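Q: okay, here's the prediction I keep looking at, along with the sequence it came from:
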Amino acid sequence: MFWFLLIAMVVVVAAVTLAVVGGGGDDGAVLPDTEPEHLVDPLPEHRPVARADVEALRIPVVLRGYRMADVDDVLSRLSAELAERDARITELQTTLEGSRKRLVTGGQGPAPQDPAAQDPATEPSDEEPRR
């Protein structure tokens, strides 16, 4: 009985192996290669990136982790968005500080963004330039 079960197990394992490898089919075709996955829903190009866009982003997995091109694209887009937002925040903070200074001084004095007001050497004068 033991030998019968051993032979039956070897036959079943061989049949499964042949079926998986593709040796048992009529046309002899092996399993077709699959197309590599690509980033299905990239970050939106027509509007700024929102938190929901980043949370919904799914980068496809490949044999050894993630596709470097997809990750590089996402990271470069996010870094550009962050740099743009940082510049806008700095601009708005500068404008706010200038408005506060003007309110404190009673609306008198030049605006802090006026380069001629910050550097007295560049103020226009009534004298003609020397030649």
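A: Good, I have the coordinates. Residues are numbered from 1 along each chain as shown.

Q: what's the spacing between Val11 and Arg102?
A: Separation of Val11 from Arg102 (Cβ to Cβ, to the nearest Å) stands at 92 Å. Quick note: C-beta positions are derived from backbone N, CA and C, even for glycine.

Q: same thing with Glu84?
A: 27 Å.

Q: who has more neighbours out of the two?
A: Between Glu84 and Arg102, Arg102 has the larger neighbour count (other Cβ atoms under 10 Å), namely 15 against 11.

Q: need the pLDDT of the more buried one.
A: Arg102 is assigned a pLDDT of 89 by the prediction.

Q: so how far is Leu96 from it?
A: Counting by Cβ to Cβ - Arg102 and Leu96 are separated by 11 Å.

Q: equivalent analysis for Ser76, please.
A: Distance, Ser76 to Leu96, by Cβ to Cβ: 30 Å.

Q: flag the shaky bits of the chain, pLDDT-wise.
A: Along the chain, segments meeting pLDDT under 70 span 22-32, 34, 36-37, 40-41, 107-131.

Q: show me where it has strands.
A: Here the chain has its strands, by DSSP state E, at 61-62, 65-66.

Q: which neighbours does the first one have in its sheet, and in what orientation?
A: Strand 61-62 sits in its sheet next to strand 65-66 (antiparallel), going by DSSP bridges.

Q: list the contacts of the strand it pairs with.
A: For strand 65-66, the external contacting residues (Cβ atoms under 8 Å, 6 or more residues apart in numbering) are Ile59, Pro60.

Q: could you redo the last one with a cut-off of 6 Å?
A: Strand 65-66 has contacts (Cβ atoms under 6 Å, 6 or more residues apart in numbering) with Ile59.
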